[in-house]
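J.: Could you look at this predicted model? Sequence included:
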Amino acid sequence: MNDDRRQQIRVLALCVLPVSLSVLVAVVCLNDKVFERYYNLGSTSQRGMDDDIASLVRSIVPPLTSKKHKGQDGRIGIIGGCQDYTGAPYFAAISALKVGADLSHVFCTKDAATVIKSYSPELIVHPVLDSPNAVEEIEKWLPRLHSLVVGPGLGREESLLKTAKEVIEKSKVRDIPVIVDADGLWLVTQQPSVIQGYQKGILTPNFMEFTRLYEALHHEPMDSGDRQRSVMQLSAAMGNITLVLKGEQDLITDGSRVISCSTEGSGRRCGGQGDLLSGSMGLLAHWAHAASAAGKLKSVNPSLVAAFGACSLTRQCNSQAFQRHGRSTTTSDMIHEIGSAFKKLFES
Ligand SMILES: NC(=O)C1=CN([C@@H]2O[C@H](COP(=O)(O)OP(=O)(O)OC[C@H]3O[C@@H](n4cnc5c(N)ncnc54)[C@H](O)[C@@H]3O)[C@@H](O)[C@H]2O)[C@@H](O)CC1
Ligand SMILES: Nc1ncnc2c1ncn2[C@@H]1O[C@H](COP(=O)(O)OP(=O)(O)OP(=O)(O)O)[C@@H](O)[C@H]1O
Ligand SMILES: [Mg+2]
């Protein structure tokens, strides 16, 4: 190769190199931007972020004082409980009480009511969910409820799903926080508009429920390889509602950022853990929105704070119960751990 040729190649390299370097820098920055969008909670380390949002959870816990009256710290309603499933609404309702609610109501079918009442005198159980005037029966309680959890043990019978839908509509009008879980998510998958865009709504699907909802909204199979992206996409498709995809790590998003909760749990996957999560989330959502209204949460979405609190509490209860009971751990064992787990996470 002659000198002229060599000179031409040198000049070309000098021109191309800066361009390719700047493209490389741009790609890296873009990635960082995307990363920050995912984890944009002040600190970018997972540990730092957990501490940030855990301190926000601590800030929403109302003080226990002698100046309060019964009900002031939370009156929660659970919509669910049918012949097949009576444990789930019980788990959700008692978990709300054990976190710190003063009153916990269960609105269930007639044949589930006596069973659920027999589990615990602490719960106020209304056998109305399959009444001809079920919606009016429940609606008269809405002015006295701070939040609702719709779905634990609801079942998939059309008439019950229709009642649940109308109760959600009336709760939105009253600006009540609504947690939708379990068969309530079956309803949302069929009719997303029932809660789409409701900023005081939180959906708490497991992987199956999430996949069904994702595919109903996107009309294509979900890429289960990138869960961060899928949760962001689904939240956006649902009008930026807050979403919790439960799993090895819980992924929490309102479409603007993804927070992951990886509080140590265990390998025990007994049924009912999601009900403990949704019931505790019902109370925390009330506390978070009340704190936000009092100017305590600045710009952070109260639903994200409530979701993170309930996810970390559920996993902590699982971890503590597993240390005692190992493979024989049940959700009832986890409920017994709520007091000490909550204290360890949010009051120490
Ligand atoms: N003791 C009770 O009364 C309980 C009642 N439950 C109620 O049972 C009804 C149905 O809930 P399900 O969770 O069973 O229904 P799903 O439709 O969510 O799940 C169906 C099945 O999918 C499997 N599955 C769950 N998560 C999975 C994952 N990550 N990967 C692969 N497979 C997975 C499980 O075997 C599950 O039973 C709901 O109303 C729920 O509230 C449950 O909450 C469990 C406890
Ligand atoms: N692989 C896992 N490792 C650790 N924790 C997990 C794992 N999968 C789920 N969890 C935790 O278990 C709890 C319940 O999640 P799960 O997916 O079982 O909900 P669910 O199916 O709705 O439960 P339920 O039986 O109450 O309906 C959540 O706190 C979640 O963080
Ligand atoms: Mg569930």
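T.: That came in fine, so what should we check first? Just so it is clear, the structure is predicted and the values come from calculations on it, not from any experiment. Residues are numbered from 1 along each chain as shown. Ligands and ions are numbered 1, 2, ... in the order given.
J.: show me where the stretch 1-150 of the chain has helices.
T.: 3-39, 46-60, 87-99, 110-119, 134-139 (DSSP state H, counting those that start in this stretch).
J.: Which of those comes out lowest on mean pLDDT?
T.: Here the lowest mean pLDDT among those goes to helix 3-39, at a mean of 50.
J.: what residues does the stretch 151-300 of the chain put near ligand 1?
T.: 152-154, 182-183, 206-209, 271-272, 274-275 (CB under 6 Å from any ligand atom). Every residue, glycine included, has its C-beta placed from N, CA and C.
J.: Mind checking which of those are buried?
T.: 152-154, 182-183, 206, 209, 272, 274-275 (16 or more other CB atoms under 10 Å).
J.: Name the residues of stretch 164-171 that are buried.
T.: Neighbour-count burial for stretch 164-171 flags 164-165, 167-168, 170-171 (criterion: 16+ other CB under 10 Å).
J.: swap in stretch 135-142?
T.: 135, 137-139, 141.
J.: For it, output the C-alpha coordinates as CSV.
T.: Coordinates of each C-alpha in stretch 135-142 appear next as CSV, following Å, rounded to 0.1, in the frame of the first residue of the first chain:
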residue,chain,number,x,y,z
VAL,A,135,-74.9,-2.7,45.8
GLU,A,136,-77.2,-0.6,47.9
GLU,A,137,-76.5,-2.7,51.0
ILE,A,138,-72.7,-2.1,50.5
GLU,A,139,-73.0,1.5,49.3
LYS,A,140,-74.6,2.6,52.6
TRP,A,141,-71.4,1.6,54.3
LEU,A,142,-69.1,3.5,51.9
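J.: Nearest to ligand 3: which residue in the stretch 51-200 of the chain?
T.: Of all residues in the stretch 51-200 of the chain, Ala182 sits closest to ligand 3, at 4.4 Å by CB to the ion.
J.: Leaving out sequence neighbours, find the closest residue to that residue.
T.: Spatial nearest neighbour of Ala182, excluding adjacent residues (CB to CB, 6 or more residues apart in numbering): Gly151 at 4.0 Å.
J.: ok, which stretches of the stretch 51-200 of the chain are strands?
T.: With strands called from DSSP state E, counting those that start in this stretch, the stretch 51-200 of the chain shows them at 75-79, 103-107, 124-126, 147-150, 178-180.
J.: Can you tell me which residues in the stretch 151-300 of the chain are near ligand 3?
T.: With CB under 5 Å from the ion as the criterion, the stretch 151-300 of the chain meets ligand 3 at residues 182, 274.
J.: hang on, the earlier thing: could you list which of the buried ones among the residues of the stretch 151-300 of the chain next to ligand 1 belong to helices?
T.: Judged by DSSP state H, these include 183, 209, 274-275 as members of helices.
J.: Now for these: which two are most distant?
T.: Distance extremes for these: the farthest pair is Glu209 and Asp275 at 13.1 Å, using CB to CB.
J.: so what sits against both of these two?
T.: Common contacts of Glu209 and Asp275 (CB atoms under 8 Å, 6 or more residues apart in numbering): Ala182.
J.: any idea of the pLDDT on Ser224?
T.: Per-residue confidence for Ser224 comes out at a pLDDT of 82.
J.: and of the residues of the stretch 151-300 of the chain next to ligand 1, the nearest to ligand 2?
T.: For those, the minimum distance to ligand 2 (CB to the nearest ligand atom) is 2.5 Å, reached by Gly274.
J.: contacting residues for the closest one?
T.: Neighbouring residues of Gly274 by CB under 8 Å, 6+ apart: 181-182, 204, 206, 246.
J.: Output those of these also counted as contacts of ligand 2.
T.: Restricting the contacts of Gly274 to those near ligand 2 by CB under 6 Å from any ligand atom leaves 182, 206, 246.
J.: The second one against Lys246, yeah?
T.: This means Asn206. Yes: between Asn206 and Lys246 a contact is recorded at 5.0 Å, counting by CB atoms under 8 Å.
J.: hey, which helix or strand in this protein has the poorest pLDDT?
T.: When each helix and strand of the chain is scored by mean pLDDT, DSSP states H and E, helix 3-39 comes last, with a mean of 50.
J.: What about the residue of the chain found nearest ligand 1, how many residues nearby?
T.: At 2.7 Å from ligand 1, Gly87 is the closest residue in the chain, using CB to the nearest ligand atom. By the measure other CB atoms under 10 Å, the count of residues near Gly87 is 19.
J.: Sketch out the low-pLDDT regions of this protein for me.
T.: 1-50 (pLDDT under 70).
J.: and it, which residues reach ligand 2?
T.: Applying CB under 6 Å from any ligand atom, we find that the chain lies next to ligand 2 at 182, 206, 246-248, 250, 265, 269, 271-275, 277, 311, 314-315.
J.: what do you get if the cut-off is 8 Å, keeping everything else the same?
T.: Neighbours of ligand 2 within the chain, by CB under 8 Å from any ligand atom: 88, 91, 152, 181-182, 204-209, 246-250, 261, 265-267, 269-278, 311, 314-315, 318, 331.
J.: How about stretch 218-236, which residues are buried there?
T.: For stretch 218-236, the neighbour count (16+ other CB under 10 Å) marks 222, 227-228, 230-236 as buried.
J.: let me redo that: stretch 291-310
T.: Buried-residue list, stretch 291-310, by 16+ other CB under 10 Å: 291-292, 297, 300-310.
J.: What is the nearest of these to ligand 3?
T.: Of the buried residues of stretch 291-310, the one sitting nearest to ligand 3 (CB to the ion) turns out to be Ala310, at 13.0 Å.
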